[in-house]
Every structure is written in structure tokens, then in C-alpha cells.
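Chemist: What follows is a predicted protein model with its sequence.
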Amino acid sequence: MKNIVILGGGTAGTMMANKLRKALDRETWNITIVDRHRTHYYQPGFLFIPFGIYSEHDVRKPKSSFFPVGVNVMYTGVDKIDAPNKIVHLNEGKVLHYDYLIIATGTQTKPAETPGLKDKLWYKDIFDFYTIEGALALQRHFKTWQGGKLVMAITELPYKCPVAPLEFVFLAEEFFTKKGMRDKVDITIVTPMPGVFTKPIATKMLAELLVEKNINVVSDFYIERVDNDKKVLVSYDEKEVPFDTLTIVPVNMGDEMVERSGLGDDLNFVYTNKHTLQQKDHKEIFVLGDAANIPTSKAGSVAHFASEILYDNLMSAIEDRPLLAKFDGHANCYIETGYGKGALIDFNYETEPLPGTFPLPGIGPFGLLKNTKINHYGKIMFRWIYWHMLLKGKELPVEADMTMAGKKRVTF
């Protein structure tokens, strides 16, 4: 028997398990998936929890509901990968031998990396919403909060779901307006980027929305520490941003076993060929989703599009054929903007988000870089698609490669 081992049973790992089990002969190939946790969370839903739109019930299901029959599942941690010998060392001394390995261990928030962040105000006046615990704590906080300076801050890049901080401030603006206390809440987004997004055309559109909603922007702010006593963010050049309630994107890092295995960068993201999705030094290791250090968004859409390329290349490797499939960095993100509207961006390594229609040229129904109700419905519908189609490895009506069809090139 030959062995494929998948490290990580989140979005990326679950998709690959489903795709591969359908394709590979069970008499020839064992597939084993390894994950520490038994609960699967729909992480895009965490954004909605602080505002009472979703509950914990809406975003959690057992992982076992999505793993296909015929896949071995081990609920344990990974100590390290011995890549030269094609061995995975698990906790408690267990080992797995592999012919091919897929690393899909994602990214985790590391609040302790920022001095003062996880101090006495943590989950009292300082929160994240990238964990279920943080999202629920912030929901409880907002139920009784009387107003003041609400700051949404980003510690550093990269972090998963790059548009989520923008969505947070848009939804907060709507939330406090509907509570009749918008005049008591000063909303500011603090970012290390020169603008509110990494791409200039999208930045222009989103910045205009922020101005329209009276949301402040502090850019080029590199957080050095959080002063709990003064309740201020402090940058490396000693600038300060005061807060009454701070919502923050902590430092994001890959799994610690990547460091122990010598396979990644200083943030524990795996060195990955951005086109073939192979680990740069070991051709029998493939990397999918947030675990990779490829230069595109850490988002579920990227994992979905990349999974199709990884599948094609892994099948080619198994059959001793050249790896011809190339990932173009395709990312596709709905952006909640409040009041039942949303925007949509579609881009890749080479092409930034452009205006137009999606997925059908001239028809849509979704509008790129447009603030519309149909885009909001696309975001809401995606939760059903995620649970019932995407995780199960089913085909979706969107190509893995980004297309220019329906897009309009613009210049400043």
C-alpha cells in the first residue's frame, strides 16, 4: 500500500481528503488525515458573532461530518516532519510514513507576540474576533458597552481574511447606528499598510466608503506594544492611538511544527512554490491554504482554487507525469459593507481587483468593486455552499484560474 498523509483537517485538508478519496483506488492508496481538534468552525462567520447576527451554533459542526468514508482520521498533534526520510512524527511517539504529504495546518493567532496585548485588559476591553472565544467575548461586551473610542487594529501582515477588519468596522457602524448610539462611538481602523487594502484601485473604492461612514483611518502604523494602563496602542516610532475598546488582529503564524521541521520562514509558513504548490525543497510534499508562504491572500477562496491545482499536480506526480497545472494566486472575496450591502473583489498574483461583473461577463449577477445588495446575498449564501459543497470537494461554477472576462481595466 502507498500512503498519502494530510496534516490539518480544516478547510484545505478536508477538501483534499474528499477529492483524493474519490479519485484514488482504495486497494492501492491509504489516505490519513491528522488534526488535533474534532470541531470544524466556519471561520468567516466569526465576524458576525459580535453583532448578534450569527451564534456559535451557526459556525460549528463536527469535523467527522465532512471526512469521507475510507479515510483514516487521527486526532492528535504533529511533533515534526522528517522530510528526507518521508516520516511524520506525531505526539506520543507515533509515526506515519508517507509517499506524498499535504501540509494544510493553516495559521493561528499569536497575541502573546505583541507586548501588552494579552495582558489585564484581554477579553475585557481588548478582543480579537479571529477565534470563537474572542468573538463571543466581544459579543457580550457590546451588549452593555456605552460607547467611546472603538479601534480596529492590525498588528502585521500577513493575516487571514485581509478584508475582515474592514468588514468589522462597516458592521460596527451599522450596529451602533441601529442602537441609536452612533454619535457616542468614534470608530478608527489602524493598519500598517499605506492604505486600507494592499491594492490601489480597491483601496480607493473602500476608502471612499469609510469616509462616507465617518470611519477614521490611521495608516503606516506599526504596533510595537499595547499600554493597558493608558489604553493606547504604541507604534515603533512612539506614536499613540487611544482606545476605549480595542479589537485587534493579532500576529498570525503557521504551526510550530513547521519550525521544528525546518520547512518554513520566520513566521512558520511553509516555503512553497507559488505555482506548483510543492514545498520548495521536497517534491513529494505539497502545501495548501494558509500554511503556505505564497504571496496571495490567506482566505478560503484561495484554498479552494489552489486545491484544484494541487489535485492536478499530485495526480500527475503519482502517475510520473510533468506538473503542468499552475496556480495563479486567484482570490475572490465578498466584503460586507453594512445595511444589507456588500462589495466583491477578484484578483490574482498579477492582476489587482478591477471593476466589472462576476462570474458572467456583462451579466453578473455580482458586481466587482460595487456596493450592492446582491453582493451581500452572495456572502450570506456562501455559508450554505461552504458546508454542503466546498468542504465536500464538489465542483463549484467558478474556474480556479482568474479570468479577465467581465473586468474593466482602469487607470488613475
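Modeler: Cool, got the structure.

Chemist: Next up, identify which helix or strand Asp229 is on.
Modeler: For Asp229, there is no host helix or strand (DSSP states H and E).

Chemist: what about it, how many neighbours?
Modeler: 9 (other CB atoms under 10 Å). C-beta: built from backbone N, CA, C; applies to glycine.

Chemist: And it, what's its pLDDT?
Modeler: Per-residue confidence (pLDDT) for Asp229: 98.

Chemist: Return the backbone torsion pair for it.
Modeler: Asp229 has phi and psi values of phi -70, psi -40 when expressed as degrees, to the nearest 10.

Chemist: That one and Gly116, how far apart?
Modeler: Distance of Asp229 to Gly116, computed by CB to CB, to the nearest Å: 9 Å.

Chemist: Isn't Val163 up against Cys333?
Modeler: Yes. Using CB atoms under 8 Å as the test, Val163 is close enough to Cys333 to be in contact (5.2 Å).

Chemist: between these two, what contacts are shared?
Modeler: By CB atoms under 8 Å, 6 or more residues apart in numbering, Val163 and Cys333 have these common neighbours: Ile345.

Chemist: Let me see the contact set for the closest residue to Pro353 other than its chain neighbours.
Modeler: For Pro353, ignoring the flanking residues on the chain, the nearest one in space by CB to CB, 6 or more residues apart in numbering is Ile345 at 3.7 Å. Counting by CB under 8 Å, 6+ apart, Ile345 touches Val163, Ala202, Ala331, Asn332, Cys333, Ile335, Pro353, Leu368, Leu369.

Chemist: from the chain's centre, how far out does stretch 165-184 sit?
Modeler: Distance of stretch 165-184 from its chain centroid, counting by CA atoms, centre = their mean, to the nearest Å, is 23 Å.

Chemist: pLDDT score assigned to the closest residue to Pro192 other than its chain neighbours?
Modeler: Nearest non-adjacent residue to Pro192, counting by CB to CB, 6+ apart: Tyr222, 5.0 Å away. pLDDT recorded at Tyr222 is 98.

Chemist: by contact count, what packs against the helix ranked longest in the chain?
Modeler: Longest helix of the chain, by residue count under DSSP state H: helix 300-318. Using 3 or more CB pairs under 8 Å, 6 or more residues apart in numbering; DSSP states H and E, the elements in contact with helix 300-318 are helix 11-23, strand 100-103, strand 282-287, strand 331-338.

Chemist: one more time with 6 Å
Modeler: helix 11-23, strand 331-338 (3 or more CB pairs under 6 Å, 6 or more residues apart in numbering; DSSP states H and E).

Chemist: will you turn those into TSV that also has distance to Ala405, mean neighbour count and mean pLDDT?
Modeler: Conversion of these to TSV gives the following (distance: least, CB to CB, whole Å; neighbours: other CB atoms under 10 Å; pLDDT from 0 to 100):
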stretch	distance to Ala405	mean neighbour count	mean pLDDT
helix 11-23	25	23	97
strand 331-338	14	24	97
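
Chemist: Which among those is found nearest to Asp281?
Modeler: Smallest distance to Asp281 across these (CB to CB): 20.6 Å, for helix 11-23.

Chemist: helix or strand right after that closest one?
Modeler: Counting by DSSP H and E, what follows helix 11-23 is strand 29-35.

Chemist: Following element in sequence after that next one, please.
Modeler: strand 39-41.

Chemist: who touches that following strand?
Modeler: Val59, Arg60, Lys61, Lys63 (CB atoms under 6 Å, 6 or more residues apart in numbering).

Chemist: residue ranges for the helices of the stretch 201-350 of the chain, please.
Modeler: For the stretch 201-350 of the chain, the helices defined by DSSP state H, counting those that start in this stretch occupy 256-261, 300-318.

Chemist: and if you look at the stretch 51-200 of the chain?
Modeler: Counting by DSSP H, counting those that start in this stretch, the helices of the stretch 51-200 of the chain are 56-59, 132-144, 164-178, 200-212.

Chemist: export those helices to TSV and tack on distance to Asn72 and mean pLDDT?
Modeler: Below are the helices of the stretch 51-200 of the chain laid out as TSV (distance: least, CB to CB, whole Å; pLDDT from 0 to 100):
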stretch	distance to Asn72	mean pLDDT
helix 56-59	27	97
helix 132-144	27	98
helix 164-178	34	98
helix 200-212	43	94
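
Chemist: Which of these sits closest to Tyr377?
Modeler: Nearest to Tyr377 among the helices of the stretch 51-200 of the chain is helix 164-178; the distance by CB to CB comes to 15.3 Å.

Chemist: and that closest one, how far from the chain's centre?
Modeler: 19 Å.

Chemist: can you check stretch 130-145 too?
Modeler: For stretch 130-145, the distance to the chain centre is 20 Å (CA atoms, centre = their mean).

Chemist: Which positions within that stretch qualify as buried?
Modeler: Tyr130, Thr131, Ile132, Gly134, Ala135, Leu136, Ala137, Leu138, Gln139, His141, Phe142, Trp145 (16 or more other CB atoms under 10 Å).

Chemist: if we take these, which one ends up nearest to Pro194?
Modeler: Closest to Pro194, out of all of the buried residues of stretch 130-145 and judged by CB to CB, is Tyr130, at 23.1 Å.

Chemist: Could you double-check that that closest one lies in contact with Thr109?
Modeler: Yes. Using CB atoms under 6 Å, Tyr130 makes contact with Thr109 at a distance of 5.1 Å.

Chemist: Lys143 and Phe175: what is the separation?
Modeler: Remark: distance between Lys143 and Phe175 (CB to CB) = 11 Å.

Chemist: Sorry, slip of the keys, the one I care about is Asp328.
Modeler: Per CB to CB, Asp328 is found 37 Å from Phe175.

Chemist: Val71 against Lys19, yeah?
Modeler: No. With contacts counted by CB under 6 Å, Val71 stays clear of Lys19, the gap being 11.2 Å.

Chemist: returning to what we had before: buried subset of the contacts of strand 39-41?
Modeler: Counted by 16+ other CB under 10 Å, the contacts of strand 39-41 give Val59, Lys63 as buried.

Chemist: Nearest to Tyr123, out of the helices and strands packed on helix 300-318?
Modeler: Comparing the helices and strands packed on helix 300-318 by CB to CB, strand 331-338 comes nearest, at 23.9 Å.
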